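Enquirer: What follows is a predicted protein model with its sequence.
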Amino acid sequence: MNETPPKIAIVDDEESVRKALKRLLRSAGMDVETFPSGTKFLDVASTRAIDCVVLDLHMSGTNGFEVQSQLVKAGKWLPIIIMTGHDTPDARARALAGGAAAYLLKPVDDQVLLDAIAKAIADNKIRRA
């Protein structure tokens with residue numbers, strides 16, 4: 001029995017990052033949709049079956065913290081992998097307290113990201129069971 005590939009949303013305002021991550025995740029057998037802003041992602045988040053979100057923390061407009069907060073307010077709990085190029089202890093603490101499954105620094109190591117996504121999806125399946 002074939003299992004459907006996990007559906008991953010990549011939310012990052014840098015096109016080069018979105019393209020690179022999309023290529024990586026597709027090569028790992030995942031179904032990927034990209035969004036250039038937190039607002040664009042939130043506009044469709046409630047209508048998509050998403051298994052995990054790879055979310056840039058610092059974006060113009062709606063930032064990663066706001067995306068996290070809006071998903072919680074909407075009652076849409078999704079595993080979120082936070083990425084940032086601007087690490088601070090406060091940002092890390094806030095992201096993890098907001099429910100992030102992982103907090104990764106840019107440039108993100110490919111295998112670390114793949115492992116974080118796999119763990120987030122597996123943990124979410126256990127949580128739902």
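Expert: Received it, and whenever you're ready, just let me know what you need.

Enquirer: Name the residues of the longest helix along the chain that are buried.
Expert: In the chain, assigned by DSSP state H, the helix with the most residues is helix 110-128. Using 16 or more other Cβ atoms under 10 Å as the test for burial, helix 110-128 gives 113-114, 116-117, 120-121, 124. C-beta here means a position set from N, CA and C on the backbone, and glycine is covered the same way.

Enquirer: want to throw the residues you listed into JSON lines with pLDDT and distance to Ile8?
Expert: Shown next, in JSON lines, are those (pLDDT from 0 to 100; distance: Cβ to Cβ, whole Å):
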{"residue": "Leu113", "pLDDT": "98", "distance to Ile8": "10"}
{"residue": "Leu114", "pLDDT": "98", "distance to Ile8": "10"}
{"residue": "Ala116", "pLDDT": "98", "distance to Ile8": "11"}
{"residue": "Ile117", "pLDDT": "98", "distance to Ile8": "7"}
{"residue": "Ala120", "pLDDT": "98", "distance to Ile8": "10"}
{"residue": "Ile121", "pLDDT": "97", "distance to Ile8": "9"}
{"residue": "Asn124", "pLDDT": "93", "distance to Ile8": "12"}
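
Enquirer: What is the nearest of those to Pro89?
Expert: Ala116 (19.7 Å; Cβ to Cβ).

Enquirer: Name all residues that make contact with the closest one.
Expert: 81, 101-102, 104 (Cβ atoms under 8 Å, 6 or more residues apart in numbering).

Enquirer: can you confirm Lys19 is in a helix?
Expert: Yes: if the criterion is DSSP: H, G, I helix; E, B strand; the rest coil, then Lys19 is within a helix.

Enquirer: so what's it closest to, chain neighbours aside?
Expert: Take Lys19 and drop its neighbours on the chain: the residue closest to it by Cβ to Cβ, 6 or more residues apart in numbering is Thr34, 7.9 Å away.
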